[in-house]
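**Q** compute the structure for the input listed below.
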Amino acid sequence: MKFRVLPVLTLVFVLLVAAHAESSGKQLLDAGRVDDAVALLQQQLARNPQDAAAHNLLCRAYFMMEEWDRGISACERARNLDPQNSLYFLWLGRIYGEKADRAGFLSAAGLAKKVRNSFERAVELEPKSWEARSDLAEFYLEAPSIVGGGKDKAREQAEALMPLNPGMGHWILARICEKNKDSAGAEREYHAAIESTHSGARAWLDYAIFLRHANRLDDMEKAIEHLETSPVDRRESIMDGGSVLLRAGRGYPLAAKLLRRYLEEPVEEGPAFRAYEMLGLVLERQGDRVRAAAAYRAALGLYHNYPRAMEDSKRVSH
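**A** I've put the predicted structure just below:
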């Protein structure tokens, strides 16, 4: 027994170190510190190339940076190392999808099939994952039938989502109504999402986006005012509320307030460097070029090659 103690303790130590490294990488992503996250994860993988979790986190860092090819390579590596992990298939499907959106027709068709296969496998491995089901439903809704899309398939996923996350289920049904040019039906579903989430921030955000597309901008602003005071079920919704106002060219004081609030505690799903860049744009449109420049510098402090912030910074410095 004495000779077995050391290997057991060594194994425990290795597992603890790996868990700490994964946690540290995730914490850096949550803070939007992608430069630091990539450096840390690359060092970790140099020591242990078989670390599937580190490959997945590196993929997600590249996803935030919109470096699709490097991200795909890292995500594929994570999937190959741990082919029973639903999360790895989910992120692989997401990054395939982003690459497909920017590809030519033939390449996009091939990538779309990979997106579908990845999302379907993610759901198969973890049927109770509302994230996997909502991403799969969105694929079915947006993709042509030739690559496996279809509104009936999206509706099936919406029904499967109801016991898992009814807000997302109603969101998918609302999107189906929009595809069918049924604005009244879509609005009913958005209200159902708000009710089912007890007035959650994400549901108000989705409704605001619908209202913006319908050019009902006064109602859109009211929806985002509701978002501001709603329970925060998805923290990135706060940032996205500021983004909606920025894109609509309205409500800049509220947009700045939402973005500053979000930056107090950012999450991976809403990269902090993007929030800083949006805050800079809001301030710039309000005529505050000094604070706008500071916001752009803050974005570049997290991601030094962030193209939009680099362009913004050059603009306000002249």
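
**Q** secondary structure element for residue 279, which one?
**A** Take DSSP states H and E as the rule and residue 279 turns out to sit in helix 272-285.

**Q** which residues are contacting the helix or strand following that helix?
**A** Later in the chain than helix 272-285, the nearest helix or strand by DSSP H and E is helix 289-302. The contact list for helix 289-302 (Cβ atoms under 8 Å, 6 or more residues apart in numbering) reads 31-35, 271-274, 276-277, 279-281, 283-284, 306, 309-310, 312-313, 316-317. The C-beta positions use only the backbone N, C-alpha and C, and glycine is treated the same way.

**Q** number of residues surrounding residue 164?
**A** Residues contacting residue 164 under the criterion other Cβ atoms under 10 Å number 15.

**Q** surely it and residue 131 touch.
**A** No - if you go by Cβ atoms under 8 Å, residue 164 and residue 131 don't touch, sitting 9.6 Å apart.

**Q** check contacts around residue 176.
**A** Taking Cβ under 8 Å, 6+ apart as the criterion, residue 176 is in contact with 141, 151, 154-155, 158.

**Q** touching both of residue 164 and residue 131, which residues are there?
**A** With Cβ under 8 Å, 6+ apart, residue 164 and residue 131 have no common neighbours.

**Q** distance of residue 187 relative to residue 131?
**A** Plainly put, residue 187 is 25 Å away from residue 131 if you go by Cβ to Cβ, to the nearest Å.

**Q** and the residue nearest the centre of the protein?
**A** Of all residues in the chain, the one closest to the mean position by Cα atoms, centre = their mean is residue 269, 3.9 Å from it.

**Q** tell me the contacts of it?
**A** Residue 269 is in contact with 234-236, counting by Cβ under 8 Å, 6+ apart.

**Q** and if you look at residue 178?
**A** Residue 178 neighbours (Cβ under 8 Å, 6+ apart): 186, 210.

**Q** same thing but 7 Å
**A** Counting by Cβ atoms under 7 Å, 6 or more residues apart in numbering, residue 178 touches residue 186.

**Q** one more: residue 258?
**A** Applying Cβ under 7 Å, 6+ apart, we find residue 258 in contact with 228, 238, 241-242.

**Q** which residues in the stretch 1-150 of the chain form helices?
**A** Applying DSSP state H, counting those that start in this stretch to the stretch 1-150 of the chain gives helices spanning 2-30, 34-47, 52-65, 68-81, 86-101, 105-125, 130-142.

**Q** ok, of the ones you listed, where does mean pLDDT dip lowest?
**A** Mean pLDDT is lowest for helix 2-30 among those, at a mean of 57.
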